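Undergrad: no sequence for this one, just the structure:
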Ligand SMILES: Nc1ncnc2c1ncn2[C@@H]1O[C@H](COP(=O)(O)OP(=O)(O)O)[C@@H](O)[C@H]1O
Ligand SMILES: N[C@@H](CCC(=O)OP(=O)(O)O)C(=O)O
(Lines give C-alpha, C1' and ligand atoms only; values in the text may rest on other atoms or scores of the structure.)
(Ligands and ions follow the chains in the order given, each with its own letter.)
Protein backbone atom coordinates (compact mmCIF):
# COMPACT_ATOMS: atom_id res chain seq x y z
CA UNK A 1 0.00 0.00 0.00
CA UNK A 2 1.16 3.57 -0.62
CA UNK A 3 2.36 5.49 2.42
CA UNK A 4 -0.08 8.23 3.40
CA UNK A 5 1.10 11.72 4.34
CA UNK A 6 0.90 12.87 7.93
CA UNK A 7 -2.02 15.14 7.01
CA UNK A 8 -3.91 12.16 5.56
CA UNK A 9 -3.32 10.10 8.70
CA UNK A 10 -4.42 12.96 10.98
CA UNK A 11 -7.52 13.49 8.90
CA UNK A 12 -8.44 9.80 8.95
CA UNK A 13 -8.21 9.92 12.77
CA UNK A 14 -10.48 12.99 12.81
CA UNK A 15 -13.01 11.22 10.57
CA UNK A 16 -12.93 7.92 12.45
CA UNK A 17 -16.37 6.38 12.93
CA UNK A 18 -15.04 4.15 15.69
CA UNK A 19 -12.07 5.09 17.82
CA UNK A 20 -10.37 3.07 20.55
CA UNK A 21 -8.79 5.28 23.21
CA UNK A 22 -6.37 3.83 25.74
CA UNK A 23 -5.50 5.75 28.88
CA UNK A 24 -2.67 4.61 31.13
CA UNK A 25 -2.43 4.66 34.91
CA UNK A 26 0.15 7.45 34.74
CA UNK A 27 -2.47 9.75 33.17
CA UNK A 28 -5.22 9.04 35.67
CA UNK A 29 -3.25 9.45 38.85
CA UNK A 30 -1.79 12.14 41.09
CA UNK A 31 1.91 12.26 41.98
CA UNK A 32 1.19 9.92 44.92
CA UNK A 33 -0.20 7.30 42.55
CA UNK A 34 -3.81 7.62 43.72
CA UNK A 35 -6.62 7.93 41.20
CA UNK A 36 -7.04 11.61 40.28
CA UNK A 37 -10.75 12.12 39.58
CA UNK A 38 -10.19 15.58 38.06
CA UNK A 39 -7.95 14.02 35.38
CA UNK A 40 -10.52 11.29 34.75
CA UNK A 41 -13.28 13.93 34.39
CA UNK A 42 -11.16 15.95 31.94
CA UNK A 43 -10.63 12.86 29.78
CA UNK A 44 -14.34 12.03 29.84
CA UNK A 45 -15.16 15.59 28.71
CA UNK A 46 -12.96 15.10 25.63
CA UNK A 47 -14.48 11.67 24.88
CA UNK A 48 -18.03 12.97 25.32
CA UNK A 49 -17.31 15.65 22.72
CA UNK A 50 -16.20 13.00 20.23
CA UNK A 51 -19.36 10.99 20.96
CA UNK A 52 -21.44 14.15 20.48
CA UNK A 53 -19.90 14.50 17.04
CA UNK A 54 -21.17 11.02 16.19
CA UNK A 55 -18.17 8.71 16.62
CA UNK A 56 -18.25 5.44 18.55
CA UNK A 57 -15.75 5.36 21.39
CA UNK A 58 -14.26 2.31 23.11
CA UNK A 59 -12.22 3.27 26.15
CA UNK A 60 -9.46 0.96 27.34
CA UNK A 61 -8.70 2.25 30.79
CA UNK A 62 -6.08 1.27 33.33
CA UNK A 63 -6.37 2.64 36.85
CA UNK A 64 -7.97 -0.21 38.83
CA UNK A 65 -4.87 -0.69 40.99
CA UNK A 66 -4.50 3.08 41.41
CA UNK A 67 -8.14 3.33 42.53
CA UNK A 68 -7.89 0.36 44.89
CA UNK A 69 -4.75 0.72 46.97
CA UNK A 70 -5.83 3.82 48.95
CA UNK A 71 -9.16 2.37 50.12
CA UNK A 72 -7.30 -0.81 51.12
CA UNK A 73 -5.04 1.23 53.39
CA UNK A 74 -1.79 0.84 51.41
CA UNK A 75 0.55 3.84 51.19
CA UNK A 76 1.65 3.02 47.65
CA UNK A 77 0.79 0.83 44.68
CA UNK A 78 1.60 -2.74 45.77
CA UNK A 79 4.55 -4.40 44.04
CA UNK A 80 3.68 -8.11 44.22
CA UNK A 81 1.39 -9.49 41.57
CA UNK A 82 -1.14 -11.21 43.85
CA UNK A 83 -1.71 -8.07 45.91
CA UNK A 84 -1.95 -6.05 42.68
CA UNK A 85 -4.64 -8.44 41.46
CA UNK A 86 -6.60 -8.18 44.71
CA UNK A 87 -6.19 -4.40 44.67
CA UNK A 88 -7.43 -4.23 41.09
CA UNK A 89 -10.51 -6.20 42.08
CA UNK A 90 -11.33 -3.57 44.74
CA UNK A 91 -10.37 -0.66 42.50
CA UNK A 92 -12.15 -1.72 39.31
CA UNK A 93 -15.62 -1.08 40.78
CA UNK A 94 -14.53 2.27 42.18
CA UNK A 95 -12.99 3.23 38.83
CA UNK A 96 -16.21 2.32 37.01
CA UNK A 97 -18.29 4.31 39.51
CA UNK A 98 -16.23 7.41 38.63
CA UNK A 99 -16.63 6.74 34.91
CA UNK A 100 -20.37 6.18 35.28
CA UNK A 101 -20.77 9.48 37.11
CA UNK A 102 -18.53 11.37 34.69
CA UNK A 103 -20.11 10.03 31.47
CA UNK A 104 -23.57 10.31 33.08
CA UNK A 105 -23.18 14.12 33.13
CA UNK A 106 -23.23 13.95 29.32
CA UNK A 107 -26.10 11.44 29.23
CA UNK A 108 -23.76 8.65 28.11
CA UNK A 109 -24.03 5.08 29.41
CA UNK A 110 -20.95 2.96 30.00
CA UNK A 111 -20.49 -0.82 30.02
CA UNK A 112 -17.65 -2.74 31.60
CA UNK A 113 -15.67 -5.40 29.72
CA UNK A 114 -12.90 -7.25 31.54
CA UNK A 115 -10.70 -9.37 29.33
CA UNK A 116 -7.86 -11.84 29.80
CA UNK A 117 -5.48 -12.72 27.02
CA UNK A 118 -6.17 -16.42 27.53
CA UNK A 119 -9.93 -15.97 27.17
CA UNK A 120 -9.88 -14.20 23.92
CA UNK A 121 -7.50 -16.26 21.78
CA UNK A 122 -10.07 -19.07 21.49
CA UNK A 123 -12.55 -18.56 18.73
CA UNK A 124 -15.78 -18.84 20.74
CA UNK A 125 -14.75 -16.25 23.33
CA UNK A 126 -13.22 -14.06 20.64
CA UNK A 127 -16.51 -13.97 18.72
CA UNK A 128 -18.44 -13.35 21.96
CA UNK A 129 -16.26 -10.36 22.87
CA UNK A 130 -16.63 -9.07 19.31
CA UNK A 131 -20.41 -9.47 19.34
CA UNK A 132 -20.87 -7.85 22.74
CA UNK A 133 -18.68 -4.86 21.87
CA UNK A 134 -20.49 -4.37 18.59
CA UNK A 135 -23.89 -4.48 20.31
CA UNK A 136 -22.78 -2.04 23.02
CA UNK A 137 -21.69 0.41 20.32
CA UNK A 138 -25.02 -0.02 18.49
CA UNK A 139 -26.77 0.82 21.77
CA UNK A 140 -24.77 4.04 22.06
CA UNK A 141 -22.81 2.79 25.07
CA UNK A 142 -19.14 3.58 25.68
CA UNK A 143 -17.55 0.20 26.52
CA UNK A 144 -14.80 0.53 29.11
CA UNK A 145 -12.28 -2.28 28.81
CA UNK A 146 -9.57 -3.33 31.23
CA UNK A 147 -7.55 -6.48 31.66
CA UNK A 148 -9.30 -8.84 34.05
CA UNK A 149 -6.47 -8.48 36.54
CA UNK A 150 -8.06 -10.64 39.21
CA UNK A 151 -8.20 -13.67 36.91
CA UNK A 152 -5.27 -13.21 34.53
CA UNK A 153 -2.58 -15.65 35.62
CA UNK A 154 0.86 -14.23 36.02
CA UNK A 155 2.62 -15.77 33.06
CA UNK A 156 -0.04 -14.84 30.54
CA UNK A 157 -0.97 -11.46 31.89
CA UNK A 158 -0.58 -8.46 29.60
CA UNK A 159 0.16 -6.33 32.68
CA UNK A 160 -0.07 -3.16 30.64
CA UNK A 161 -3.12 -2.30 28.55
CA UNK A 162 -1.25 -1.06 25.49
CA UNK A 163 -1.22 -4.29 23.45
CA UNK A 164 -4.72 -5.12 24.67
CA UNK A 165 -5.95 -1.79 23.24
CA UNK A 166 -4.45 -2.54 19.82
CA UNK A 167 -6.06 -5.98 19.79
CA UNK A 168 -9.40 -4.42 20.77
CA UNK A 169 -8.99 -1.89 17.94
CA UNK A 170 -8.52 -4.82 15.59
CA UNK A 171 -11.46 -6.70 17.12
CA UNK A 172 -13.94 -3.83 16.69
CA UNK A 173 -12.41 -2.79 13.35
CA UNK A 174 -11.69 0.66 14.70
CA UNK A 175 -10.68 3.44 12.35
CA UNK A 176 -8.18 4.89 14.82
CA UNK A 177 -6.32 4.07 18.01
CA UNK A 178 -5.38 6.86 20.43
CA UNK A 179 -2.84 6.02 23.12
CA UNK A 180 -2.87 8.50 25.99
CA UNK A 181 0.04 8.61 28.38
CA UNK A 182 2.19 11.02 30.42
CA UNK A 183 4.55 12.09 27.60
CA UNK A 184 3.53 14.06 24.53
CA UNK A 185 4.61 11.42 22.03
CA UNK A 186 7.34 9.04 20.95
CA UNK A 187 10.87 10.38 21.44
CA UNK A 188 14.08 9.25 19.77
CA UNK A 189 15.23 8.12 23.25
CA UNK A 190 13.64 8.08 26.73
CA UNK A 191 12.60 11.74 27.21
CA UNK A 192 14.63 12.09 30.42
CA UNK A 193 17.80 11.75 28.28
CA UNK A 194 19.43 14.85 26.89
CA UNK A 195 18.92 15.35 23.17
CA UNK A 196 15.81 13.12 22.95
CA UNK A 197 13.52 14.54 20.27
CA UNK A 198 9.82 13.98 19.68
CA UNK A 199 8.79 12.40 16.38
CA UNK A 200 5.60 13.91 15.01
CA UNK A 201 5.05 11.30 12.29
CA UNK A 202 6.06 7.67 11.83
CA UNK A 203 5.16 6.53 8.29
CA UNK A 204 6.30 2.94 8.90
CA UNK A 205 6.66 1.75 12.48
CA UNK A 206 8.61 -1.35 11.36
CA UNK A 207 11.34 0.86 9.93
CA UNK A 208 12.00 2.88 13.07
CA UNK A 209 12.14 0.04 15.59
CA UNK A 210 15.95 -0.19 15.43
CA UNK A 211 16.51 3.58 15.11
CA UNK A 212 15.06 4.80 18.37
CA UNK A 213 15.62 3.80 21.96
CA UNK A 214 12.69 3.04 24.21
CA UNK A 215 12.53 1.93 27.79
CA UNK A 216 9.94 0.72 30.23
CA UNK A 217 7.80 2.97 32.34
CA UNK A 218 9.38 6.27 33.42
CA UNK A 219 7.26 6.31 36.59
CA UNK A 220 6.21 3.87 39.30
CA UNK A 221 2.65 4.24 38.09
CA UNK A 222 2.60 2.90 34.54
CA UNK A 223 3.61 -0.62 33.56
CA UNK A 224 4.76 -1.19 30.01
CA UNK A 225 6.43 2.12 29.16
CA UNK A 226 7.15 2.95 25.55
CA UNK A 227 8.10 -0.63 24.66
CA UNK A 228 4.51 -1.86 24.83
CA UNK A 229 3.13 1.35 23.28
CA UNK A 230 5.31 0.82 20.24
CA UNK A 231 4.15 -2.79 20.08
CA UNK A 232 0.57 -1.52 20.19
CA UNK A 233 1.21 1.00 17.40
CA UNK A 234 2.81 -1.83 15.44
CA UNK A 235 -0.16 -4.21 15.88
CA UNK A 236 -2.55 -1.41 14.90
CA UNK A 237 -0.47 -0.40 11.85
CA UNK A 238 -0.36 -4.04 10.74
CA UNK A 239 -4.18 -4.16 11.04
CA UNK A 240 -4.54 -1.06 8.85
CA UNK A 241 -5.34 1.25 11.79
CA UNK A 242 -3.62 4.63 12.34
CA UNK A 243 -2.46 5.48 15.87
CA UNK A 244 -1.87 8.76 17.66
CA UNK A 245 0.28 8.63 20.80
CA UNK A 246 0.14 11.70 23.01
CA UNK A 247 -0.34 12.96 26.53
CA UNK A 248 -3.80 12.64 28.05
CA UNK A 249 -4.31 16.40 28.14
CA UNK A 250 -4.18 16.32 24.32
CA UNK A 251 -6.99 13.76 23.99
CA UNK A 252 -9.42 16.25 22.40
CA UNK A 253 -7.00 17.78 19.86
CA UNK A 254 -5.60 14.32 19.00
CA UNK A 255 -9.07 13.01 18.11
CA UNK A 256 -9.83 16.16 16.13
CA UNK A 257 -6.78 15.52 13.95
CA UNK A 258 -4.58 18.31 15.32
CA UNK A 259 -0.84 17.72 14.93
CA UNK A 260 -0.16 16.73 18.54
CA UNK A 261 1.97 13.83 19.77
CA UNK A 262 3.13 11.20 17.30
CA UNK A 263 0.98 9.84 14.46
CA UNK A 264 1.68 6.34 13.13
CA UNK A 265 0.47 5.45 9.64
CA UNK A 266 -1.16 2.09 8.86
CA UNK A 267 1.26 -0.18 7.00
CA UNK A 268 -1.14 -2.82 5.71
CA UNK A 269 -4.74 -2.92 4.60
CA UNK A 270 -7.55 -3.22 7.10
CA UNK A 271 -8.60 -6.52 8.48
CA UNK A 272 -9.78 -8.06 11.69
CA UNK A 273 -8.30 -11.35 12.62
CA UNK A 274 -8.30 -13.63 15.60
CA UNK A 275 -4.92 -14.92 14.40
CA UNK A 276 -3.46 -11.56 15.36
CA UNK A 277 -4.52 -12.31 18.94
CA UNK A 278 -2.77 -15.68 18.76
CA UNK A 279 0.38 -13.92 17.54
CA UNK A 280 0.39 -11.19 20.16
CA UNK A 281 -1.65 -12.39 23.11
CA UNK A 282 -0.87 -16.07 23.39
CA UNK A 283 1.91 -17.19 25.72
CA UNK A 284 2.89 -20.70 24.53
CA UNK A 285 2.74 -23.42 27.16
CA UNK A 286 4.64 -26.10 25.26
CA UNK A 287 6.46 -26.98 22.05
CA UNK A 288 5.88 -29.19 19.05
CA UNK A 289 9.13 -30.06 17.27
CA UNK A 290 8.68 -30.74 13.57
CA UNK A 291 10.78 -32.42 10.84
CA UNK A 292 12.13 -30.59 7.78
CA UNK A 293 9.11 -31.35 5.58
CA UNK A 294 6.61 -30.06 8.14
CA UNK A 295 8.81 -27.03 8.86
CA UNK A 296 8.71 -26.17 5.17
CA UNK A 297 4.93 -26.61 5.03
CA UNK A 298 4.41 -24.44 8.13
CA UNK A 299 6.76 -21.73 6.77
CA UNK A 300 4.68 -21.69 3.59
CA UNK A 301 1.92 -20.16 5.74
CA UNK A 302 -1.11 -22.05 4.51
CA UNK A 303 -0.74 -25.58 5.86
CA UNK A 304 -2.13 -27.15 9.02
CA UNK A 305 0.35 -29.07 11.16
CA UNK A 306 -0.20 -32.82 10.87
CA UNK A 307 1.01 -35.38 13.44
CA UNK A 308 3.00 -37.13 10.69
CA UNK A 309 5.51 -34.25 10.64
CA UNK A 310 5.91 -33.86 14.40
CA UNK A 311 8.89 -35.63 15.97
CA UNK A 312 8.57 -34.57 19.64
CA UNK A 313 6.37 -32.75 22.13
CA UNK A 314 7.77 -30.76 25.00
CA UNK A 315 6.14 -29.70 28.30
CA UNK A 316 2.58 -30.38 29.39
CA UNK A 317 -0.40 -28.56 27.93
CA UNK A 318 -4.08 -29.08 27.24
CA UNK A 319 -6.12 -29.00 24.04
CA UNK A 320 -6.75 -25.36 23.13
CA UNK A 321 -3.52 -24.10 24.70
CA UNK A 322 -1.04 -22.02 22.66
CA UNK A 323 2.19 -23.83 21.70
CA UNK A 324 5.37 -23.02 19.82
CA UNK A 325 6.05 -24.92 16.63
CA UNK A 326 9.83 -25.36 16.35
CA UNK A 327 12.21 -26.96 13.87
CA UNK A 328 14.72 -29.58 15.01
CA UNK A 329 17.35 -26.87 15.61
CA UNK A 330 14.99 -25.27 18.14
CA UNK A 331 14.04 -22.23 16.00
CA UNK A 332 10.52 -20.92 16.63
CA UNK A 333 8.57 -21.10 13.36
CA UNK A 334 5.02 -20.36 14.44
CA UNK A 335 2.59 -20.10 17.32
CA UNK A 336 -0.59 -22.09 17.26
CA UNK A 337 -3.41 -23.49 19.35
CA UNK A 338 -3.04 -27.21 19.88
CA UNK A 339 -6.07 -29.37 19.12
CA UNK A 340 -4.95 -32.09 21.54
CA UNK A 341 -3.42 -32.50 25.01
CA UNK A 342 0.35 -33.02 25.14
CA UNK A 343 -0.24 -36.57 26.48
CA UNK A 344 -2.37 -37.46 23.46
CA UNK A 345 0.14 -35.92 21.06
CA UNK A 346 2.92 -38.08 22.50
CA UNK A 347 0.98 -41.14 21.20
CA UNK A 348 0.23 -39.55 17.83
CA UNK A 349 3.77 -38.50 16.79
CA UNK A 350 4.80 -39.41 13.24
CA UNK A 351 1.48 -41.11 12.41
CA UNK A 352 -0.47 -40.32 9.26
CA UNK A 353 -4.20 -39.62 9.25
CA UNK A 354 -5.35 -43.13 8.39
CA UNK A 355 -3.09 -44.66 11.06
CA UNK A 356 -4.53 -42.20 13.63
CA UNK A 357 -8.07 -43.09 12.61
CA UNK A 358 -7.37 -46.80 12.70
CA UNK A 359 -5.53 -46.77 16.07
CA UNK A 360 -7.43 -44.10 18.05
CA UNK A 361 -10.69 -43.36 16.22
CA UNK A 362 -11.99 -40.71 13.82
CA UNK A 363 -11.75 -37.87 16.35
CA UNK A 364 -7.94 -38.21 16.21
CA UNK A 365 -7.73 -37.99 12.40
CA UNK A 366 -7.25 -34.21 12.55
CA UNK A 367 -4.30 -31.79 12.39
CA UNK A 368 -2.48 -31.12 15.67
CA UNK A 369 -2.74 -27.42 14.85
CA UNK A 370 -5.31 -26.24 12.30
CA UNK A 371 -4.08 -23.54 9.93
CA UNK A 372 -6.80 -21.12 11.17
CA UNK A 373 -5.17 -21.34 14.59
CA UNK A 374 -1.58 -20.93 13.41
CA UNK A 375 0.48 -17.76 13.06
CA UNK A 376 4.01 -17.48 11.67
CA UNK A 377 6.52 -15.59 13.81
N1 LIG B 1 11.55 6.74 23.44
C2 LIG B 1 10.62 7.11 24.35
N3 LIG B 1 9.73 8.09 24.05
C4 LIG B 1 8.77 8.47 24.93
N5 LIG B 1 8.63 7.93 26.17
C6 LIG B 1 9.47 6.94 26.54
C7 LIG B 1 10.51 6.48 25.65
N8 LIG B 1 11.16 5.46 26.28
C9 LIG B 1 10.59 5.32 27.49
N10 LIG B 1 9.57 6.20 27.68
C11 LIG B 1 8.77 6.28 28.92
O12 LIG B 1 7.46 5.71 28.74
C13 LIG B 1 6.62 6.32 29.72
C14 LIG B 1 5.15 6.07 29.45
O15 LIG B 1 4.82 4.72 29.74
P16 LIG B 1 4.04 4.27 31.09
O17 LIG B 1 4.71 4.88 32.28
O18 LIG B 1 3.90 2.79 31.05
O19 LIG B 1 2.66 5.01 30.92
P20 LIG B 1 1.14 4.54 30.88
O21 LIG B 1 0.70 4.42 32.30
O22 LIG B 1 0.49 5.67 30.16
O23 LIG B 1 1.03 3.24 30.13
C24 LIG B 1 7.03 7.77 29.66
O25 LIG B 1 6.74 8.47 30.84
C26 LIG B 1 8.54 7.71 29.37
O27 LIG B 1 9.29 7.92 30.53
N1 LIG C 1 -5.03 -3.36 34.61
C2 LIG C 1 -4.18 -2.50 35.42
C3 LIG C 1 -3.31 -1.73 34.46
C4 LIG C 1 -1.90 -1.75 34.76
C5 LIG C 1 -1.17 -0.53 34.18
O6 LIG C 1 -0.63 0.23 34.92
O7 LIG C 1 -1.22 -0.33 32.82
P8 LIG C 1 -0.62 0.94 32.02
O9 LIG C 1 -0.98 2.17 32.73
O10 LIG C 1 -1.31 0.81 30.74
O11 LIG C 1 0.88 0.77 31.88
C12 LIG C 1 -5.03 -1.50 36.24
O13 LIG C 1 -6.17 -1.23 35.84
O14 LIG C 1 -4.53 -0.99 37.23
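TA: All right, it came through fine. For clarity, every value in this text was computed on a predicted model and none was experimentally measured. Residues are numbered from 1 along each chain as shown. Ligands and ions are numbered 1, 2, ... in the order given.

Undergrad: CA only for contacts and neighbour counts going forward, please
TA: Noted.

Undergrad: what's the helix ranked longest in the chain packed up against?
TA: The residue-count maximum for a helix in the chain (DSSP state H) belongs to helix 81-104. For helix 81-104, the packing partners by 3 or more C-alpha pairs under 8 Å, 6 or more residues apart in numbering; DSSP states H and E come out as helix 37-52, helix 64-69, strand 110-115.

Undergrad: Just say which of the ones you listed is most tucked in.
TA: helix 64-69 (a mean of 27; mean count of other C-alpha atoms under 10 Å).

Undergrad: And the average pLDDT for it is what?
TA: Taken as a whole, helix 64-69 has a mean pLDDT of 95.

Undergrad: go on, stretch 370-377?
TA: 90.

Undergrad: returning to what we had before: closest to ligand 1 out of the helices and strands packed on helix 81-104?
TA: For ligand 1, the closest of the helices and strands packed on helix 81-104 is helix 64-69, at 10.6 Å, according to C-alpha to the nearest ligand atom.

Undergrad: which helices and strands sit right next to the closest one?
TA: helix 81-104.

Undergrad: quick one: contacts of the helix it packs on?
TA: 37, 40-41, 44-45, 48, 63-69, 72, 77-78, 109-110, 112, 149-151, 154 (C-alpha atoms under 8 Å, 6 or more residues apart in numbering).

Undergrad: and it, which residues are buried?
TA: 84-92, 94-96, 98-100, 102-103 (16 or more other C-alpha atoms under 10 Å).

Undergrad: Check the secondary structure at residue 351 for me.
TA: When classified by DSSP: H, G, I helix; E, B strand; the rest coil, residue 351 comes out as coil.

Undergrad: What of residue 334?
TA: In three-state terms, and counting by three-state DSSP, residue 334 is strand.

Undergrad: beta partners of it?
TA: Judged by DSSP bridges, the bridge partners of residue 334 are residue 325, residue 376.

Undergrad: can you offset everything so residue one is 395?
TA: Yep, numbering from 395; the last one is residue 728 now.

Undergrad: Contacts only, for it.
TA: Contacts of residue 728 (C-alpha under 8 Å, 6+ apart): 692-693, 718-720, 768-771.

Undergrad: Below-threshold pLDDT in the stretch 545-694 of the chain: ranges please.
TA: 547-550, 553, 611-618, 665-666 (pLDDT under 70).
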